[in-house]
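> Here's my sequence, what's the structure:
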Amino acid sequence: MSRAVWWRGVAEGSNNGMASLAMKLLLAPFAVLYGMALRVRALLYQGGILSIHKLPCPVISIGNITVGGTGKTPATMLVAKELQKRGYRVAVLSRGYGGSLEGQVAVVSDGESVLLGPEQAGDEPCLLAQTVPGLMVVIGSDRYQAGLVALERLKPDVLLLDDGFQHIRLHRDLNILLLDATRPFGNGWTLPLGMLRESRSAMRRADLALFTRCRLGQVISGLGLPCCCSEHCLTGFNLLETGNELPLERLQQGRVAAFAGIADPSAFFDGLQALGIQLVATLALPDHASYADDSLMLIERLAADAAADWLVTTAKDGVKLAGCNQTWSNKLVTARLELLLDDPDRLLQSALDKLLSSLR
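The predicted model follows:
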């Protein structure tokens, strides 16, 4: 078991051995101090001591309260498509984590052309730009400055703040909080002991909670704010080299190995097996894996040792592997992940309609 997997078990509350107990005793004081520092920071913004900047158009924030794996990217796609269906021009503001331009403001997509690759902009902004037609994407660690650039150059009607729950310095008109229904708060501790980026009291800033990885028909309440549910669904598979659709039956009948460089690879592997795909081998890589030579060698070894007919990975990993020209490239398949919204009371749609009524 890798250190990352072991720590995740501790943070989620599923690893309760003696080593886990010792780790909790060691890290608990640091987690308390970290949580207190974040509460003080939030109070400074709330009290006006730290400035909150407002952009001259509606801003919708989509973020989470835990580290990684709640489905921010598919949730951002879902909300972007809902806005586009209403006829609005949408731009996403993203940090650009992992790209060479991280920290700088740059336009990834103008809605017509994708202008930057994952090496410059990071994997998630490029996946958004490539997957949602007409979506504009701007990166920048200062989302206010990124928003100003987006408004000046791209003229969007609405801005989506990707992974923006903790970016309090930018005013948002609708604050959507994502929670994983299978482990919404992990073990209940903040970093570095748990999965929480800040304490549960921060949920008071949210206008709406969108739970991901829900069971069909699951009803969630008791948080003190409107809640709706969604499922993670693998909706199709494409050959990376050609972009052609690969029928699910081909994967169900072949020898399949899977790899992923995301926050929760095991959830991806479980999703593949739930579709009847028998995985002969798996490889979990670090989140936002760069796919340098060492990672490519690991994948080559995976393919050879498993005698795999197909290598399946996520679409987020796929954007970084396009044109990699390896001996196994013709076997490489990307899986499309979408959120299927289960919102019988139309809470999300109503929140969007209420916010955007001022634009009509």
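> Okay, now the unreliable bits of the stretch 201-350 of the chain?
Within the stretch 201-350 of the chain, no stretch falls below the threshold (pLDDT under 70).
> mind listing the strands for it?
208-212, 227-239, 256-260, 279-284, 310-314, 332-342 (DSSP state E, counting those that start in this stretch).
> Same question for the stretch 51-200 of the chain.
Per DSSP E, counting those that start in this stretch, the stretch 51-200 of the chain carries strands over the ranges 59-64, 90-94, 106-110, 136-139, 158-162, 174-180.
> can you list the ones you listed in TSV and add distance to residue 147?
All C-beta spots, glycine's among them, are computed from the backbone N, C-alpha and C. Shown next, in TSV, are the strands of the stretch 51-200 of the chain (distance: least, CB to CB, whole Å):
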stretch	distance to residue 147
strand 59-64	7
strand 90-94	6
strand 106-110	12
strand 136-139	8
strand 158-162	6
strand 174-180	15
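> wait, which of the ones you listed is closest to residue 269?
Residue 269 sits nearest to strand 174-180 of all the strands of the stretch 51-200 of the chain, at 16.3 Å, using CB to CB.
> Determine how far the closest one lies from the middle of the whole chain.
Here strand 174-180 is found 12 Å from its chain centre; the criterion is CA atoms, centre = their mean, to the nearest Å.
> quick one: strands adjacent to it?
Strand pairing for strand 174-180, determined by DSSP bridges: strand 59-64 (parallel), strand 208-212 (parallel).
> mean confidence for that strand?
Summarised as a single mean, pLDDT over strand 174-180 is 97.
> relative to strand 227-239, how tilted is that strand?
70 degrees (axes from the mean of the first three to the mean of the last three CA atoms, to 10 degrees).
> Pick the most deeply packed of the strands paired with strand 174-180.
When these are scored by mean count of other CB atoms under 10 Å, the highest mean neighbour count falls to strand 59-64 (a mean of 25).
> Out of the strands of the stretch 51-200 of the chain, which is closest to residue 256?
strand 174-180 (25.6 Å).
> what's the angle from that closest one to strand 332-342?
Counting by the same axes, to 10 degrees, strand 174-180 lies at 110 degrees to strand 332-342.
> Now residue 358: closest residue in space, sequence neighbours ignored.
residue 58 (7.6 Å; CB to CB, 6 or more residues apart in numbering).
> Fine by me, we can end here.
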